[in-house]
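>>> From the sequence below, what's the structure:
(one chain, ligands or ions: 1)
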Amino acid sequence: MVVSVAHLGPPGTYAEAAALAYVNWLNQRGQQGLLCPCPSIAQTLRAAAQGQADVAVVPVENSVEGSVTTTLDTLWQLDKLQIQQAHVLPISHALLSRAETLEEIKTVYSHPQALAQCQGWLERFLPSVQLVPMNATTEALKYLGEDKTAAAIASSRAAQLYHLPILVCPINDYPDNYTRFWVLSLQPSGGGSHTSLAFSVPANVPGALVKPLEVFASRGINLSRIESRPTKRSLGDYLFFTDLEADAREASVQSALKELTAYTETLKIFGSYSIVSIGKL
Ligand SMILES: O=C(O)C(=O)Cc1ccccc1
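Residues are numbered from 1 along each chain as shown. Okay, here's the model as predicted:
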């Protein structure tokens, strides 16, 4: 069987690199993967949720810029996708352009995460350019051939794919720049070292968050991340995305999740999975 793997396109994105890492992992187990580029992160997740692709590979968190909020918000809405794996990828950004010098550049295109991860470099070396956010780091690359005043922030792999010169690399503000990607599908997750879930609390009262957290603390279950997102119902009303350093099949986690339902309004469990690291770490 060929596994179709939806990811943020056009080809050459960091999400595609993560999807390729997953396809490699499949190949080592005698399976084939087929890459399916999608126009946005939300559409990537929907492709898997609606069965147009077998799995979706999406960025979820960056070590410098934090959460990829579209991923968290779409996952909460879609409900039924389960995390199969996490991949951690080192991210090295390059400035791609047909310009010969930095002085010629008037516009820089990229994904908002990439623009944010290079903001210090951009302020220092290109303080007057117009920064244009795109759906993906590679979205503007096909236009760079015609316009010498345009540049884009993307990977060196993207530069090769689109036959574009690299003017400067790396340009990310922090050398230790990593992004975590999730591989999700409609299949039940296979278990592993981490469990991700999200919940809303019944009322905005003192202790509304302490109680759910105590459920884990009292059982010695470590949380590796907690991230709040607006419920979009009213100002100050939040969802809490939480990662546990434990497998949901462990008895202590099972009993914690059972108790948690008493202190939460809606609880969604996105599954237990292992983390695969790629490249230098
Ligand atoms: O646009 C891309 O290439 C993506 O995969 C999104 C992204 C952007 C910057 C860092 C990590 C992921």
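>>> buried set for the longest strand along the chain?
Longest strand in the chain by number of residues (criterion: DSSP state E): strand 266-277. Of the residues in strand 266-277, 268-273, 276 count as buried by neighbour count, 16 or more other CB atoms under 10 Å. (Glycine included, C-beta is placed from N, CA and C.)
>>> What is the nearest of the residues you listed to G30?
V276 (17.5 Å; CB to CB).
>>> Enumerate every residue touching the closest one.
V276 makes contact with 21, 25, 85-88, according to CB atoms under 8 Å, 6 or more residues apart in numbering.
>>> What of Y263?
201-202, 208, 211-212, 215.
>>> Report pLDDT for it.
In this model, Y263 is scored at 94, pLDDT.
>>> Check G279 too.
G279 is assigned 60 on the pLDDT scale.
>>> Just the ones of the contacts of V276 in helices?
Among those, the members falling in helices (DSSP state H) are 21, 25.
>>> just to revisit the earlier point, can you list the strands that the longest strand of the chain pairs with?
strand 82-90 (parallel), strand 194-200 (antiparallel) (DSSP bridges).
>>> Low-confidence ranges, the stretch 101-250 of the chain, go.
The model of the stretch 101-250 of the chain has no residue with pLDDT under 70.
>>> Next to the ligand, which bits of it? Give me the list.
111, 113-114, 136-137, 179 (CB under 6 Å from any ligand atom).
>>> what's the closest of these to S156?
The nearest one, if we look at those relative to S156 and count by CB to CB, is T137, at 11.5 Å.
>>> can you map out the helices along the stretch 51-200 of the chain?
69-78, 112-117, 119-125, 156-161 (DSSP state H, counting those that start in this stretch).
>>> I'd like the distance between I105 and L122.
10 Å (CB to CB, to the nearest Å).
>>> so what sits against both of the two?
By CB under 8 Å, 6+ apart, I105 and L122 have these common neighbours: V129.
>>> in the sheet, who's paired with the residue sitting nearest the centre point of the chain?
Compute the mean C-alpha point of the chain, and by CA atoms, centre = their mean the closest residue is P59, 1.4 Å away. Beta-bridge pairing for P59 (DSSP bridges): F181.
>>> That one touches A17, doesn't it?
No. Taking CB atoms under 8 Å as the definition, P59 is not a contact partner of A17, at 10.6 Å.
>>> Distance from stretch 75-84 to the middle of the chain?
The chain centre lies 13 Å from the centre of stretch 75-84; the measure is CA atoms, centre = their mean, to the nearest Å.
>>> any idea of the mean pLDDT for it?
Here the average pLDDT along stretch 75-84 is 94.
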